[in-house]
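Q: dropping the sequence and predicted coords here.
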Amino acid sequence: MGMTMAEKIIALAAKVPVTRAGDIETVTVDRLMSNDGTTHLTIDMYHNQLKHPHIADPDKLVWFVDHNIPADSPKTAASHKKMREFAKEHQIAFYEGEGVCHQVMMERYVRPGELIFGADSHTCAYGALGAFGTGVGCTDYLYAMVTGTSWVLVPSTIQIRLNGKLKEGVCARDLILTIIGQIGAGGATYKVMEFVGEGMKSLTMADRISICNLCVEAGAKSALMEADEIALTYLKEHGRTPKAVLKSDEDAVFEQVITIDLGEIKPIVAKPHFVDNVAPAQECFGVKIDEAFLGSCNNGRLEDLRVAAQLIKGKKVAEGVRFLVVPASRSVYKEAIKEGLIDTFVQAGAMVMNPCCSVCWGACQGVIGQGETLISTGTRNFKGRAGHKDSYIYLASALTVTASAIAGEITTSDRV
Amino acid sequence: MEKTFTATIWVLGDDIDTDIILPTQYLALEHVEDMKPYAFSPLREDLAGKIQKGDMIVAGKNFGCGSSREQAPEVMKALGISCVVAKSFARIFYRNAINNGMLLLENDKLYDQVTEGDRATVTLGEKIEYKGKTYEISSLPTNLMEILEAGGLVAAMQKKNGKKVE
């Protein structure tokens, strides 16, 4: 019996020849990412609860200030200061204002075959480079930081086989929202969602990150894609080499196999207040919006900004609508300036903000008020996630969000 | 931890996410005590104030879905919630809860039967008794039970290793 890609990566990290879904393995973690959402708690526990605090391997730690930057209150400023000082003292790689943690991790750190813990649920994005990224809380993070190890329950795998190509006007975001709608918000709990098939060839790295990133919204422990030529080219361009290039064996056991024809996917939105509450975009045409958000670890990449800029060029953001454009990283931002995309957004009346998590997580500038509606490329549409508890979030692709910003109501790119 | 305890029930629904358990804007508060009034506030503004020490929550599927914020199980523990009985739990929340000494029990039938304000009796590793009926719960693996008993992962490691975590 063969092994799945997830089983192979975990076996490698556990230094065992074979492991199977359901086994519990003690693994050495390859990298440990954390951000200002919870790192201050990790530091507090480190100082207050450990009798002999130490870090197993500081070189494996990467810390980001991305959720609340620039700081919006003395409290968040204090939390950032705590991180900054600790990182300096312990020589931990520390990025402040460089971008959303997952985007910068993809640009600078993630390698195929690695097992990575991130104190952030969207760590599953790293599967786009063939790495097993999984979200943990700050206590699990602290344990791994101090011991270098952790225990993992080896997950079973749902294999999603992709055929064909997405049609024009349809984004990878539409694909993953469709899948989440199909299997439900708990449809992949404790499991890995693995993407394979000839349809992968038509998906760019940006598409792949967008797909893997959102898998936690189906409950997935991680998402995985084989590091193929496209991924290895990206890796090489960013000056890195793989730890191991792995894929599932043909006789591996999958819990479920889902086959999808990419050509069948249509623009879709997730309606308030659940990510699996999806509907074809056309069912929501005419829903008035107050704000539109293009950005986040899901859709703030150069490719997203390009298609959005192309659509809005020569047009204007609808009167009374705030359109927030937030590049996912400084390198995306710089490239977007070079290509004239930022100029296009500003001319159209959008607000371009510094790389950060922005309104996706509702504690930054751009939060929405009572009764307001936001259409967003962010990761979640939970009740109150982007501001007031009585507000409404629709999730959609970069194209649908931009089209809606122009129209002032939910619409798709072919209608503006 | 008591092997058997009786608790008053609060009923929540399916997919109770971590933004409901503790909304983002309160994550930066310095102490968990300060966060307590805001727990569950997007869903039920007055719930946190009504929860008494020892009360239990009964919910539907996928409890704790969403972010990895550990403030979510922390604030529930601080409110004195004795346990959550749900049809299923989201993965990251499950680990975080255990790591913070917050007891989670899986049962797929109780939720469909309970009325808020009623009381139920939990016998760990065995059953929940409610209105004369018995609902099975499985026992947790020994290593997880040790963590819960100690009050969380860090405390459990200190206990196990005598003096230090390494």
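A: Arrived safely, thanks for sending.
Q: what is the burial count for the residue nearest to A:K247 when sequence neighbours are not counted?
A: With sequence-adjacent residues excluded and distances taken as Cβ to Cβ, 6 or more residues apart in numbering or on different chains, A:K247 is closest to A:E226, at 4.2 Å. Every C-beta, even on glycine, is put in place using the N, C-alpha and C of the backbone. The number of residues packed near A:E226 is 17, by other Cβ atoms under 10 Å in any protein chain shown.
Q: ok, the one 10 residues further on next?
A: Look at A:K236: counted by other Cβ under 10 Å, it has 11 neighbours.
Q: now it: how far from A:A93?
A: Using Cβ to Cβ, to the nearest Å, one obtains 22 Å as the distance from A:K236 to A:A93.
Q: and what of A:I265?
A: With distances taken as Cβ to Cβ, A:I265 is found 38 Å from A:A93.
Q: re the thing from before, need the per-residue pLDDT for the residue nearest to A:K247.
A: As summarised for this prediction, A:E226 has a pLDDT of 98.
Q: pull the contacting residues for B:V85.
A: With contact set as Cβ atoms under 8 Å, 6 or more residues apart in numbering or on different chains, B:V85 has these partners: B:M56, B:I57, B:V58, B:A59, B:L105, B:E106, B:N107, B:L110, B:Y111, B:V122, B:I128, B:I137.
Q: neighbours of residue 118, just the number please.
A: Defaulting to chain A. A count of neighbours around A:G118, defined by other Cβ under 10 Å, yields 26.
Q: actually, chain B is the one I wanted.
A: The burial count assigned to B:D118 is 13, neighbours taken as other Cβ under 10 Å.
Q: excluding its backbone neighbours, what's nearest it?
A: Nearest non-adjacent residue to B:D118, counting by Cβ to Cβ, 6+ apart: B:I9, 5.4 Å away.
Q: strands - which of the contacts of B:V85 land there?
A: B:M56, B:I57, B:V58, B:A59, B:L105, B:E106, B:V122, B:I128 (DSSP state E).
Q: okay, the third one: pLDDT?
A: If you check B:V58, the pLDDT there is 98.
Q: go on, the fifth one?
A: pLDDT, the model's per-residue confidence, is 96 for B:L105.
Q: show me what it is bridged to.
A: B:V85 (DSSP bridges).
Q: surely it touches B:G125?
A: No - at 9.7 Å, B:L105 and B:G125 do not qualify as touching, with contact defined as Cβ atoms under 8 Å.
Q: can you give me the helices for the chain?
A: No chain was given, so I picked chain A. Along chain A, the segments classed as helices by DSSP state H run A:5-14, A:39-48, A:74-90, A:101-108, A:138-147, A:172-183, A:205-213, A:229-237, A:296-299, A:302-312, A:330-338, A:341-348, A:398-407.
Q: to clarify, I was referring to chain B.
A: Using DSSP H, the helices assigned to chain B run over residues B:18-21, B:32-35, B:47-50, B:71-78, B:91-99, B:142-150, B:153-160.
Q: hmm, the third one touching chain A?
A: No - residues of helix B:47-50 contacting chain A under Cβ under 8 Å from any Cβ of the partner chain: none, with a closest distance of 12.5 Å.
Q: mind listing residues that contact that helix?
A: Residues outside helix B:47-50 that contact it (Cβ under 8 Å, 6+ apart) are B:W10, B:K36, B:P37, B:Y38, B:A39, B:F40, B:S41, B:L79.
Q: change it to 10 Å
A: Counting contacts by Cβ atoms under 10 Å, 6 or more residues apart in numbering or on different chains, the residues outside helix B:47-50 that touch it are B:8, B:10, B:12, B:22, B:35-41, B:44, B:57, B:75-76, B:78-79.
Q: could you list the low-pLDDT ranges of chain B?
A: Where chain B drops to pLDDT under 70, the residues are B:161-166.
Q: buried ones in stretch A:19-32?
A: Residues of stretch A:19-32 classed as buried by neighbour count (16 or more other Cβ atoms under 10 Å in any protein chain shown): A:T19, A:A21, A:E25, A:V27, A:T28, A:V29, A:D30, A:R31, A:L32.
Q: what is the neighbour count of the residue lying closest to A:V287 once chain neighbours are set aside?
A: If the residues on either side of it in the chain are set aside, A:V287 comes closest to A:I410, at 4.4 Å by Cβ to Cβ, 6+ apart. By the criterion of other Cβ under 10 Å, A:I410 has 25 neighbours.
Q: quick one: A:I410 from chain B, how far?
A: Distance of A:I410 to chain B, computed by Cβ to the nearest Cβ, to the nearest Å: 22 Å.
Q: hang on, that residue packs against A:F285?
A: Yes - A:I410 lies in contact with A:F285 (Cβ atoms under 10 Å); the separation is 6.0 Å.
Q: residues shared between the contacts of these two?
A: Contact with both A:I410 and A:F285 is made by residues A:V269, A:S404, according to Cβ under 10 Å, 6+ apart.
Q: follow-up on the earlier one: PyMOL command for the buried members of the contacts of helix B:47-50?
A: Only the buried members of the contacts of helix B:47-50 enter the following PyMOL selection, criterion being 16+ other Cβ under 10 Å:
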select buried, chain B and resi 8+10+12+22+35+36+38+39+40+41+57+75+76+78+79
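Q: so which of the contacts of helix B:47-50 reach chain A?
A: When contact is defined as Cβ under 10 Å from any Cβ of the partner chain, those meet chain A at B:S41.
Q: quick one on the thing from earlier: and the residue nearest to B:D118, what does it touch?
A: By Cβ under 10 Å, 6+ apart, the contact list for B:I9 reads B:55-58, B:85, B:110, B:114-120, B:130.
Q: of those, buried ones?
A: When neighbours are counted using 16+ other Cβ under 10 Å, these contain these buried positions: B:D55, B:M56, B:I57, B:V58, B:V85, B:L110, B:V114, B:A120, B:Y130.
Q: show me what from the stretch 101-250 of chain A comes close to chain B.
A: By Cβ under 10 Å from any Cβ, the part of the stretch 101-250 of chain A that sits against chain B consists of A:118-123, A:134-143, A:146-148, A:150-153, A:155, A:184-191, A:216-221.
Q: what domains does the record give for chain A?
A: Domain ranges of chain A: A:5-262, A:268-415, per automatic domain parsing.
Q: quick one: low-confidence parts of the stretch 251-400 of chain A?
A: In the predicted model, the stretch 251-400 of chain A carries no residue with pLDDT under 70.
Q: residue boundaries of the strands in it?
A: Secondary structure of the stretch 251-400 of chain A (DSSP state E, counting those that start in this stretch): strands located at A:256-261, A:268-270, A:278-280, A:291-294, A:322-325, A:351-352, A:373-376, A:392-395.
Q: what helices or strands is the fourth one leaning on?
A: Under the contact criterion of 3 or more Cβ pairs under 10 Å, 6 or more residues apart in numbering or on different chains; DSSP states H and E, the helices and strands touching strand A:291-294 comprise helix A:302-312, strand A:322-325, strand A:373-376, strand A:392-395, helix A:398-407.
Q: CSV please, covering those and showing mean neighbour count.
A: Converted to CSV, the helices and strands packed on strand A:291-294 look like this (neighbours: other Cβ atoms under 10 Å in any protein chain shown):
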stretch, mean neighbour count
helix A:302-312, 22
strand A:322-325, 24
strand A:373-376, 27
strand A:392-395, 26
helix A:398-407, 29
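Q: chain B is nearest to which of these?
A: For those, distance to chain B was read as Cβ to the nearest Cβ. The smallest value, 10.6 Å, belongs to strand A:392-395.
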